[in-house]
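> Here you go, sequence then predicted model.
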Amino acid sequence: MDFRAFPTLTELDERLPVYLVSVGHWDHQETTYRENGHPDYQWLQTVSGRGKLQAGDREWTISPGQGFCLYPHEPHAYFAVEGDWDVYWISFRGSLASPLLQRAGLAGTGIHHVSEPERIASLIGDIYNMTQAGKDYGGIDYSQLLYTLLLELLKTTGPGSQAAEWGYAKLRPVLQYMERHYDQPVTIKELADHIAVTPQYLCQLFKRALHMRPMEYMNRERINRSKELMFREGGIRLYEVAERVGFESASYYSSVFKRLEGMSPDQFKRIHGLK
């Protein structure tokens, strides 16, 4: 069933970091040619059939499970090439629209593989259903669900998304080991041995899945545990905190804390009213 909605935008809506402009679904997407592009950011998710997207001097074939991103004012055309091209679409604007898309690897007009296409189509359908619920919902509610959709795209688009999921699953025993042994000296070799890989490969897994090195993750774990400790035992001395969360010295603990938190442990305690 075809459907579309264009919610009325207020001045307040247009100040939101991301806000909905239009949303819809076509059982069979018709040929669309825009010499001057579209004024909004758009995401179109293919459910069935195949289509083609043309933008600049490039052309892509779009298959089921793939979606495509359109950036504002970029000339483009798209049309069906096989079967009924079933497409969900959503248009949006806002100051965070471009940063979120770029963070997801959607740095311009083009097509992308989606590891969970049903989830994306379902979210677009949910946003449409919300627009049909009358006065019960408004721009902030649409924005909240739109933000969820954009975060979902961040998780599921691009060839690296499945690799990152696999990498995180492979790392789970290491992360659990870190949680249990944060208060003890731990080496990269010890962590690598825990899942029978080389230290070099472990670093690659961390970079791919978490975008950080193993010891950086361990230090973040230790710093978070130190904050819990300061709340739990208000009068605890700094050197005791450092020792109990696995740092070799109070000075090193303080320097790592300041680098990660932007303040010293003493400043953290003062801000939170801790003695």
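Alright, I've got the coordinates.

> Need the three-state assignment for the residue located most distally from the centre of the chain.
Going by Cα atoms, centre = their mean, the residue of the chain most distant from its centre is G235, 38.9 Å out. The three-state label given to G235 by DSSP: H, G, I helix; E, B strand; the rest coil is coil.

> Next, the contact list for it, please.
K275 (Cβ atoms under 8 Å, 6 or more residues apart in numbering). C-betas here are computed from N, CA, C, even on glycine.

> Tell me how many other residues crowd the nearest residue to R220 once chain neighbours are set aside.
The shortest distance from R220 to any non-neighbouring residue, by Cβ to Cβ, 6 or more residues apart in numbering, is to L260 (6.4 Å). Around L260 there are 14 other residues, counting by other Cβ atoms under 10 Å.

> distance of L260 from E179?
17 Å (Cβ to Cβ, to the nearest Å).

> neighbours around R34, how many?
Residues near R34, counting by other Cβ under 10 Å: 15.

> whoops, T109 was the one
Neighbour count of T109, defined by other Cβ under 10 Å: 23.

> Settle this for me: it is touching P75, isn't it.
No. The criterion here is Cβ atoms under 8 Å, and T109 misses it with P75 at 9.2 Å.

> who touches both of those two?
Joint contacts of T109 and P75 (Cβ under 8 Å, 6+ apart) are 55-56.

> Got phi/psi on the residue farthest from the centre of the chain?
phi -90, psi 10 (degrees, to the nearest 10).

> circling back: remind me what the helix or strand the residue nearest to R220 falls within packs against, helices and strands.
Assigned by DSSP states H and E, L260 belongs to helix 250-261. With contacts taken as 3 or more Cβ pairs under 8 Å, 6 or more residues apart in numbering; DSSP states H and E, helix 250-261 sits against helix 214-232, helix 238-244, helix 265-271.

> got the contact list for that helix?
By Cβ under 8 Å, 6+ apart, the list of residues contacting helix 250-261 reads 219-220, 222-223, 226, 238-239, 241-242, 245, 247, 263-265, 268.

> now do 6 Å
219, 223, 238-239, 242, 247, 264-265 (Cβ atoms under 6 Å, 6 or more residues apart in numbering).

> just so I have it, where are all the helices in the protein?
Counting by DSSP state H, the chain has helices at residues 97-103, 117-131, 139-156, 160-181, 188-194, 199-210, 214-232, 238-244, 250-261, 265-271.

> could I get those helices as JSON lines with mean pLDDT?
Below are the helices of the chain laid out as JSON lines (pLDDT from 0 to 100):
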{"stretch": "helix 97-103", "mean pLDDT": "90"}
{"stretch": "helix 117-131", "mean pLDDT": "93"}
{"stretch": "helix 139-156", "mean pLDDT": "91"}
{"stretch": "helix 160-181", "mean pLDDT": "77"}
{"stretch": "helix 188-194", "mean pLDDT": "94"}
{"stretch": "helix 199-210", "mean pLDDT": "86"}
{"stretch": "helix 214-232", "mean pLDDT": "94"}
{"stretch": "helix 238-244", "mean pLDDT": "94"}
{"stretch": "helix 250-261", "mean pLDDT": "95"}
{"stretch": "helix 265-271", "mean pLDDT": "91"}
